[in-house]
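Peer 1: One predicted model, sequence on top.
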There are 4 protein chains.
Amino acid sequence: MFFASDNSGPVHPEVLDLMAQSNTGFAMAYGADPMMDEVRTRLRDVFEAPEASIHLVATGTAANSLALATLCQPYETVFCSPVAHIHEDECNAPEFYTGGAKLTLVAGGDKMTPEALSASIAGEGVRGVHGPQRGPVSITQVTERGSVYTLNELRDLCSVAKGYDLPVHLDGARFANAMVVLGCTPAEMTWKAGVDAVSFGGTKNGLMGVEAVIFFDPAHAWEFELRRKRGAHLFSKHRYLSAQMAGYLRDDLWIRSARAANANAARLADGLRAKGAEFLHHPDANMIFVAFPRFRHQALFAKGAMYNLWGGKLEGDPDEMLACRLVCDWSISHDQIDAFLDMI
Amino acid sequence: MFFASDNSGPVHPEVLDLMAQSNTGFAMAYGADPMMDEVRTRLRDVFEAPEASIHLVATGTAANSLALATLCQPYETVFCSPVAHIHEDECNAPEFYTGGAKLTLVAGGDKMTPEALSASIAGEGVRGVHGPQRGPVSITQVTERGSVYTLNELRDLCSVAKGYDLPVHLDGARFANAMVVLGCTPAEMTWKAGVDAVSFGGTKNGLMGVEAVIFFDPAHAWEFELRRKRGAHLFSKHRYLSAQMAGYLRDDLWIRSARAANANAARLADGLRAKGAEFLHHPDANMIFVAFPRFRHQALFAKGAMYNLWGGKLEGDPDEMLACRLVCDWSISHDQIDAFLDMI
Amino acid sequence: MFFASDNSGPVHPEVLDLMAQSNTGFAMAYGADPMMDEVRTRLRDVFEAPEASIHLVATGTAANSLALATLCQPYETVFCSPVAHIHEDECNAPEFYTGGAKLTLVAGGDKMTPEALSASIAGEGVRGVHGPQRGPVSITQVTERGSVYTLNELRDLCSVAKGYDLPVHLDGARFANAMVVLGCTPAEMTWKAGVDAVSFGGTKNGLMGVEAVIFFDPAHAWEFELRRKRGAHLFSKHRYLSAQMAGYLRDDLWIRSARAANANAARLADGLRAKGAEFLHHPDANMIFVAFPRFRHQALFAKGAMYNLWGGKLEGDPDEMLACRLVCDWSISHDQIDAFLDMI
Amino acid sequence: MFFASDNSGPVHPEVLDLMAQSNTGFAMAYGADPMMDEVRTRLRDVFEAPEASIHLVATGTAANSLALATLCQPYETVFCSPVAHIHEDECNAPEFYTGGAKLTLVAGGDKMTPEALSASIAGEGVRGVHGPQRGPVSITQVTERGSVYTLNELRDLCSVAKGYDLPVHLDGARFANAMVVLGCTPAEMTWKAGVDAVSFGGTKNGLMGVEAVIFFDPAHAWEFELRRKRGAHLFSKHRYLSAQMAGYLRDDLWIRSARAANANAARLADGLRAKGAEFLHHPDANMIFVAFPRFRHQALFAKGAMYNLWGGKLEGDPDEMLACRLVCDWSISHDQIDAFLDMI
């Protein structure tokens, strides 16, 4: 009954098998391993982007920070949601990697609206050399509150950015979870909508620790490679990163896993709804935000359930409503979900 | 016949097995996994340092850069060998992580001498605020040319550093290979000699990608943790890093592997010596630098041997002597070594 | 009729005279000039802080950025007003100098309230290593909207910071203008209230370009000196900075000038009030924010008045109300103020 | 008898007069003052470079660091002399401003030779992403040991840089002193030789604190302006910087002052030679490096002479030869020089 995060689940057996298969003899280091060719070819196919540059790193923060550093000058500012992972959960990594760029928090909630983004961009860059210059827009899909931008919403945000000639980065730590919700192609959710660079997540969807950074304009490739090495994110035994991503793409494992995770969340949400739970956000993908009275949380924790309270403490008035976040990994069984629901 | 680097060999099966065993259910993320407790306990035992702070990262450059950033202010300079990995092979990562500190190259060759180190330190920090201030000393053991500092040499270098109240970092990418040569304990090669922080390498000795950073003074622990996260080097699925390091330490695998690698190199060196090869450096551990006439390299490459030329090109005067580096992994079989020798 | 900024006025003749008097023969460079001793002694007297460390730089942005960099680690965040100069008008200089720290904008308007500051600090630093750590609080006095914090307000803000063991920086670009409003001592407005470091402005109050950075705890002195040099803000011909600050302090010129500037603003505000102008903020010191119909601005600009519109353009609907900022330098004559008022 | 440095002399009266004349009423801030137009026009004329972008800063370290940061990526390395000011006397400012680029010290002495520069460049950038990439070449003219590169030498160095497609920066802290030695035009010593960016020094030649940064390709202008502001080196009361540089250029003051300084040094050198002094470097411009027995230094210091010992201490064996540096400012009188010589 572990709903704390999809970053804590196991590696999918198909991935681990491929890693083990790769474990024979020597392989060229630093990305020159043969399986990286497969990864490059498949990702270009999947994204219908034959020119795209493809790079693997091991953490989502590395993917985001290095992608942004490649797109952003140190005297610029990145536009993002006030609850974006790059703002709240990366301990200043984007500021570090960009050499001290700023993050401008677009007013509003979790999801940026085109109007708010437009106002935010319009408000920066008006002070000549005195203020930060306008830099990239970073969109999180699935958002940190479990919402999925529609294709129209993505296109509208990108369109605002393009109107100011600004590049767009997509933090796709849960890329697959969003895509299966939208029923669209990877290209539709990225470059066809106006996205320039993607952090294509794998770790939260059954890998051990691999994210691909994809630039649709390969002019960024060499700079990214240098920044990755300088950031100490180039792996010598890169073949094990390649094997993870190759396994992820083979037989559509990435889509199967995302579907499983989303279906798990839907089952859990249905159960919670049936029990009258109060939802804070609509659970679009595999994250659910609900509020229970505190005594219920206390009971659940006592019985061994694992999840994160969201802005409150376990001790206190037993009847006070207290929010929590429940994240469903691909690997959770229906039995576990049902057992959890039974405990409520 | 792969002698290009020990960073290109396979993961030791005992390690991969332990990783696979760890692949069940959920585990707390970000280093709170139970096996990290084992790692911490064992490394403290191994180093006879019950207070030491222990941290895992996935690349050697991350270990070195983060350790140095924790010990060094941005207005200081790091003293190191002119051929140190941190200088030549990390694409300015130490400069990046320290916020722009300098590296002062101690005059001389591969191995620093106490006299040269002393002269180098004496020469810096004499210009008040105008020059960089004196910062940490970084020692590479095994050196980049395959030499091993004796315990006396290490103590003397540390003693010079301590005379100036400077901290000492040990880049131990090949820590185990050096230790088995010296026949000493980990403590003797580190804190007993005067070392403050160690990059304790695993990747080049049979792991997939894990290095431990060890501070003997735990006061550095929290700053390191923050710098690691900010550098995007904190893994969510940390249990797979823990499993690697746990497997490395169980049953002395790290020592067995280092002994195997060194023995492989000794066998190769003996064979080369018998064939009259010209050694550039004494092969103390698992790296050999020899020169052959170019036609020999051409023949070896034609037959599929893999290794790095050292400062020359494969095309040119066939009789010219050309240096190369041969690195022996723990995994190379005696047959492969003998087959290579037969080709000469 | 120049009300654009107090950073555009002339140097006070007493200051220029002292600079000219200093212009004989040689003087020790880099702050070892004799007049710096006078500056140090006088500032310590003025602030009743015999141990304070005193440093001169030439721009307000340098004073703020270097002071903050000395107080802040790169993985921390600085708490400040959303309209703070360090956020809006320094082109990411604080981020640059701190090595990539973040600025957390305290909710609300120009002036921070203790409640909002407390909520903001409470909201950061709760995510372990994942979010930025809590860093210094930076207070702007006079604020960017012309308000002056009372001593009680300052004490309350500092008290919130101290409750979290955070240092407090005061951006005193218009320090003197605030102090004469409060009728307090420099000590009361700084260390007695809980301030740890001050940017003590001179440039906006009749100097050519000098600000003093004052740390009440001299333990920061040497680090600041190194950061100043590394930031290229250490002047060889430092005697001309010393002469400016010495002239500023002699015969209370700094207080006389601030009184003159504030009196000029009061005269202008009275005149505007008499004409029914609409004030956006109460003009506590020497800055006035008022709104006129656009046609009035157009007429004023046509007649040669110089000031900044605040968030609007000169072209458009003539009857629309449009805000502007009017800043009074010490050097503006009553005739100029009256002539301006007559034009309205 | 002050020969410690030309950074400690007075401001030339013609410059101070123009600063005083500029001290009337208001002037647009941040470089929009009218006298900056004069500076821009004159410098473009002087350099025969009608498109050049011209920027003023107040310190030589700022000029060098900001110019290099504009030309250099953080994953690159700057090639310079081992005794370059940017390496020895700027407390890591170039590393700070470039975001952590490296400085590669070209083997040899004070002056770089084309051969050594070529070897140094050839030796870097050969490790793919692992080592730093090749970045700008920085040449110091006059060198830190008082030598002047001939035009042929400059052209040859630039030609080496151009062969690798690398930009060239000239640290001209003593630009005028070198130019009058060579009897050439500013254009010949810069862009006609292959220089891309110049730190055009004024402070060491009679200004209070102003250096111009000149890019012959104006494409760098906007980035430089942003980096200058972000570095806190943009002055609000910029008119006093403009006045200094305008005064410097009017009536060829800069050339007159440099001639005076060089003539002073020649007079001093002749006198020293007549007394049998031992020269360490040929005194091309206004810096002299000679060795005396220690007892002579002791006597000179006792009589009030001011200059820097170069690598030794005043106490010790009285007969030991001890080097010193004697720098002649434009302002030293012949009487002072002769009095100094008489004391020997």
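Peer 2: Okay, I see it.
Peer 1: C-alpha from now on. contacts and neighbour counts both.
Peer 2: OK.
Peer 1: what are the ranges of the strands in the stretch 201-344 of chain A?
Peer 2: Here the stretch 201-344 of chain A has its strands, by DSSP state E, counting those that start in this stretch, at A:211-215, A:278-279, A:287-293, A:308-309, A:321-327.
Peer 1: closest to chain D out of these?
Peer 2: With C-alpha to the nearest C-alpha as the measure, strand A:211-215 is the member of the strands of the stretch 201-344 of chain A nearest chain D (17.2 Å).
Peer 1: Tell me if the closest one is near chain B.
Peer 2: No. Using C-alpha under 8 Å from any C-alpha of the partner chain, strand A:211-215 never reaches chain B; the gap is at least 12.0 Å.
Peer 1: pLDDT on that strand, on average?
Peer 2: For strand A:211-215, the mean pLDDT works out to 98.
Peer 1: now for that strand, which elements pack on it?
Peer 2: Judged by 3 or more C-alpha pairs under 8 Å, 6 or more residues apart in numbering or on different chains; DSSP states H and E, strand A:211-215 is in contact with strand A:53-57, helix A:60-71, strand A:197-201.
Peer 1: Among these, which comes closest to chain D?
Peer 2: Closest to chain D of those is helix A:60-71 (C-alpha to the nearest C-alpha; 11.3 Å).
Peer 1: Off-centre distance for that closest one?
Peer 2: 12 Å (C-alpha atoms, centre = their mean, to the nearest Å).
Peer 1: What helices and strands are in contact with it?
Peer 2: Looks like helix A:60-71 contacts helix A:85-88, helix A:93-98, strand A:133-140, strand A:168-172, strand A:197-201, strand A:211-215, helix A:221-230 (3+ C-alpha pairs under 8 Å, 6+ apart).
Peer 1: Contact residues of the stretch 201-344 of chain A facing chain D?
Peer 2: Applying C-alpha under 8 Å from any C-alpha, we find that the stretch 201-344 of chain A lies next to chain D at A:225-227, A:229-230.
Peer 1: show me where the stretch 1-150 of chain A has strands.
Peer 2: In the stretch 1-150 of chain A, the strands defined using DSSP E, counting those that start in this stretch lie at A:53-57, A:76-80, A:102-105, A:133-140.
Peer 1: Sort out which residues of stretch A:164-177 are buried, please.
Peer 2: Within stretch A:164-177, the residues scored as buried using 16 or more other C-alpha atoms under 10 Å in any protein chain shown are A:166-177.
Peer 1: meant to ask about stretch A:144-153, not that
Peer 2: Neighbour-count burial for stretch A:144-153 flags A:144-151, A:153 (criterion: 16+ other C-alpha under 10 Å).
Peer 1: how long is it end to end?
Peer 2: Start and end residues of stretch A:144-153 are separated by 16 Å (C-alpha to C-alpha, to the nearest Å).
Peer 1: And chain C, is that stretch touching that?
Peer 2: No. Stretch A:144-153 does not reach chain C (C-alpha under 8 Å from any C-alpha); its nearest approach is 14.3 Å.
Peer 1: now that stretch: mean pLDDT?
Peer 2: The model assigns stretch A:144-153 a mean pLDDT of 98.
Peer 1: At the contact with chain B, which residues of chain A appear?
Peer 2: Those residues of chain A that sit near chain B, judged by C-alpha under 8 Å from any C-alpha, are A:2, A:7-11, A:16, A:20, A:23-29, A:58-62, A:90-93, A:96, A:203, A:208-209, A:226, A:229-237, A:240, A:331.
Peer 1: So which of the residues you listed are in helices?
Peer 2: Using DSSP state H, the subset of the residues of chain A next to chain B located in helices is A:16, A:20, A:60-62, A:93, A:96, A:226, A:229-230, A:240.
Peer 1: Determine the longest helix present in chain A.
Peer 2: The longest helix of chain A (DSSP H) is helix A:253-274.
Peer 1: now that helix and strand A:287-293, what's the angle there?
Peer 2: 20 degrees (axes from the mean of the first three to the mean of the last three C-alpha atoms, to 10 degrees).
Peer 1: starting at the chain centroid, how far to helix A:253-274?
Peer 2: That offset, for helix A:253-274, works out to 17 Å (C-alpha atoms, centre = their mean).
Peer 1: mind listing what the closest residue in space to residue A:259 that isn't next to it in sequence touches?
Peer 2: The shortest distance from residue A:259 to any non-neighbouring residue, by C-alpha to C-alpha, 6 or more residues apart in numbering or on different chains, is to residue A:180 (6.5 Å). Residue A:180 sits next to A:255, A:258-259 when contact means C-alpha atoms under 8 Å, 6 or more residues apart in numbering or on different chains.
Peer 1: quick one: which of these is nearest to residue C:295?
Peer 2: If you rank the contacts of residue A:180 by distance to residue C:295 using C-alpha to C-alpha, residue A:258 comes first, at 60.4 Å.
Peer 1: Report how many residues lie close to whatever residue of the stretch 151-300 of chain A ends up closest to chain D.
Peer 2: Closest residue of the stretch 151-300 of chain A to chain D, C-alpha to the nearest C-alpha: residue A:226 (5.5 Å). The number of residues packed near residue A:226 is 26, by other C-alpha atoms under 10 Å in any protein chain shown.
Peer 1: tell me which parts of the stretch 51-200 of chain A are close to chain D?
Peer 2: Taking C-alpha under 8 Å from any C-alpha, the part of the stretch 51-200 of chain A that reaches chain D is made up of A:75, A:99, A:129-130.
Peer 1: from those, which are also near chain C?
Peer 2: Restricting these to those touching chain C (C-alpha under 8 Å from any C-alpha) yields A:75, A:99, A:129-130.
Peer 1: about what we covered before: export the buried residues of stretch A:164-177 to JSON lines and append columns for pLDDT.
Peer 2: Shown next, in JSON lines, are the buried residues of stretch A:164-177 (pLDDT from 0 to 100):
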{"residue": "A:166", "pLDDT": "98"}
{"residue": "A:167", "pLDDT": "98"}
{"residue": "A:168", "pLDDT": "98"}
{"residue": "A:169", "pLDDT": "98"}
{"residue": "A:170", "pLDDT": "98"}
{"residue": "A:171", "pLDDT": "98"}
{"residue": "A:172", "pLDDT": "98"}
{"residue": "A:173", "pLDDT": "98"}
{"residue": "A:174", "pLDDT": "98"}
{"residue": "A:175", "pLDDT": "98"}
{"residue": "A:176", "pLDDT": "98"}
{"residue": "A:177", "pLDDT": "98"}
